[in-house]
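Asker: No sequence on hand, only this structure:
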RNA sequence: GCCGGAGUGUGGUAGAGGUAUCCCUUGGGACUGUGGAUCCCAAGACCUGGGUUCGAAUCCCAGCUCCGGCCCCA
């Protein structure tokens, strides 16, 4: 009986894995250069960790289960909650701000579609212990820099939930109603939103206006509505800093994020092409306060998470397969094989090197070399051994020379 | 959870009621010191389960999976 792969999961073949590893190492390298350190958390956690953050409804889309002793567990559907839990449990004493990055697989029980899978990978970074504009600017600049270094065409949308909340509060929206209103803004449910505002006896037009406006016009309007706003000042500082960083973005106060723990800026990055179909968002981030929910001090954080799979789908790799060398013993005789293994070992100190393990004839070995797209063959036979040399054959041009192993290695080092 | 479309060797395909075509892939052999060659041998598929029929890859139903979309999200 044939066992099928589970719905919404993927196998990765060598070509794809090479690409994924390449993107992964770039992400790591960039984060390290910005001074972030890697952390890693378990693949499963107490289900509570996620319901506290996102509400009971998330149970519907999690892989959740009971273990043998009755613990209610879940495969992690995202990494922010585990990272903040880790911080509360292990990193509270670290100097602030604490800068970490992470990379790991997540699981969600949802209908798979283009660029959406049941097992997917996230790469993210967090600054824990600051919600200053400087920290927010750095996080946005880091995400922006990742996009730039990967050569991805994308647009960055920036909003500020703190400001929106202040405006709503100023207009008379009660704290009790706040999350409902925010959720509607997030969904872009205009009619519902207007209805709700009306039912509270609030004029929704001004709010709509602000949500719809883009760029400087939105700021102007906000200045108009709120006499003195801390959030507005904060946002303006952030904009100034982003300018210093050279980050390009669209201001869009309609980005809300329905969840209550977001407090400051929020941003999203969308791929500009149409390689991702309906799933264009490749990154989401913002400033939030989660630590207190998990039993820590009320520590602000700011961070982002990239959809790693989407990133790799959009990333164009400029290089091909690695260059391979194949050592070809001419005959399956002890002294030839001995020499071939010795030579292979020497070559493996430097190059991706193959040696026959099928007891094949020379011509079959060369046919195999061709099938795996090897670039060079090092032919070892009695004639070569007698002279203390090997034959190096360039499999692309067909040229070959009888040279010493040292010369061969030197030559390959120049070419590969 | 919902709405479309699709499932034939690893992959690409032909087949519209009579047990599967071609490309191909893999292994072996011929050859025995030079490779995308040739020849020979072998192996490799109708998504699953029901139904209709003398007979189903083909028609019908259900399920599963994939692709795309809605909701939501990364």
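Answerer: Ah, there it is. Bear in mind the structure is a predicted one, so any value in this text is a computation, not a measurement.

Asker: Can you find the helix or strand of chain A with the lowest average pLDDT?
Answerer: The helix or strand with the lowest mean pLDDT-type score in chain A, counting by mean pLDDT, DSSP states H and E, is helix A:205-212 (a mean of 78).

Asker: Give the buried residues for it.
Answerer: Neighbour counts using 16 or more other C-beta atoms under 10 Å place A:206-208, A:210-211 of helix A:205-212 among the buried residues. No exception for glycine: its C-beta is placed from N, CA and C like everyone else's.

Asker: next one: stretch A:383-395
Answerer: A:384-385, A:389-393, A:395.

Asker: neighbouring contacts of that stretch?
Answerer: Applying C-beta atoms under 8 Å, 6 or more residues apart in numbering, the external contacts of stretch A:383-395 come out as A:335-336, A:339, A:343, A:369-370, A:374-381, A:399-405, A:408, A:411-412.

Asker: Turn the buried residues of stretch A:383-395 into TSV, columns for distance to residue A:68, secondary structure and pLDDT.
Answerer: Conversion of the buried residues of stretch A:383-395 to TSV gives the following (distance: C-beta to C-beta, whole Å; DSSP: H, G, I helix; E, B strand; the rest coil; pLDDT from 0 to 100):
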residue	distance to residue A:68	secondary structure	pLDDT
A:384	63	helix	92
A:385	62	helix	92
A:389	64	coil	94
A:390	59	strand	94
A:391	62	strand	94
A:392	60	strand	94
A:393	60	strand	93
A:395	56	coil	90
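
Asker: Restricting to these, which residues neighbour RNA strand B?
Answerer: Intersecting the buried residues of stretch A:383-395 with the contacts of RNA strand B gives A:384, A:391, A:393, A:395 (criterion: C-beta under 7 Å from any atom of the strand).

Asker: ok, so of those, who is nearest residue A:243?
Answerer: Proximity of those to residue A:243 was ranked by C-beta to C-beta; the top entry is residue A:395 with 53.6 Å.

Asker: other SSEs contacting the host helix or strand of residue A:105?
Answerer: Mapping residue A:105 onto the secondary structure by DSSP states H and E places it in strand A:98-107. Strand A:98-107 sits against helix A:14-33, strand A:37-38, strand A:119-128, with contacts defined as 3 or more C-beta pairs under 8 Å, 6 or more residues apart in numbering; DSSP states H and E.

Asker: Tell me which of these is the most buried.
Answerer: Mean neighbour counts were taken over the helices and strands packed on strand A:98-107 using mean count of other C-beta atoms under 10 Å, and the top value, a mean of 23, falls to strand A:119-128.

Asker: Next secondary structure after it?
Answerer: Where DSSP H and E defines the elements, the next helix or strand beyond strand A:119-128 is helix A:133-149.

Asker: residue of the stretch 301-416 of chain A with the smallest distance to RNA strand B?
Answerer: residue A:381 (2.7 Å; C-beta to the nearest atom of the strand).

Asker: pretty sure that residue contacts residue A:331?
Answerer: Yes. Contact criterion C-beta atoms under 8 Å: residue A:381 and residue A:331 qualify, at 6.8 Å.

Asker: Which one of these two is surrounded by more residues?
Answerer: A count of neighbours by other C-beta atoms under 10 Å puts residue A:381 above the other of residue A:381 and residue A:331, at 18 against 14.

Asker: List the residues that contact whichever residue of the stretch 151-300 of chain A sits closest to RNA strand B.
Answerer: Using C-beta to the nearest atom of the strand, the point where the stretch 151-300 of chain A gets nearest to RNA strand B is residue A:277, with a distance of 2.4 Å. Counting by C-beta under 8 Å, 6+ apart, residue A:277 touches A:113-115.

Asker: One more pass at 6 Å, please.
Answerer: By C-beta atoms under 6 Å, 6 or more residues apart in numbering, the residues touching residue A:277 are residue A:114.
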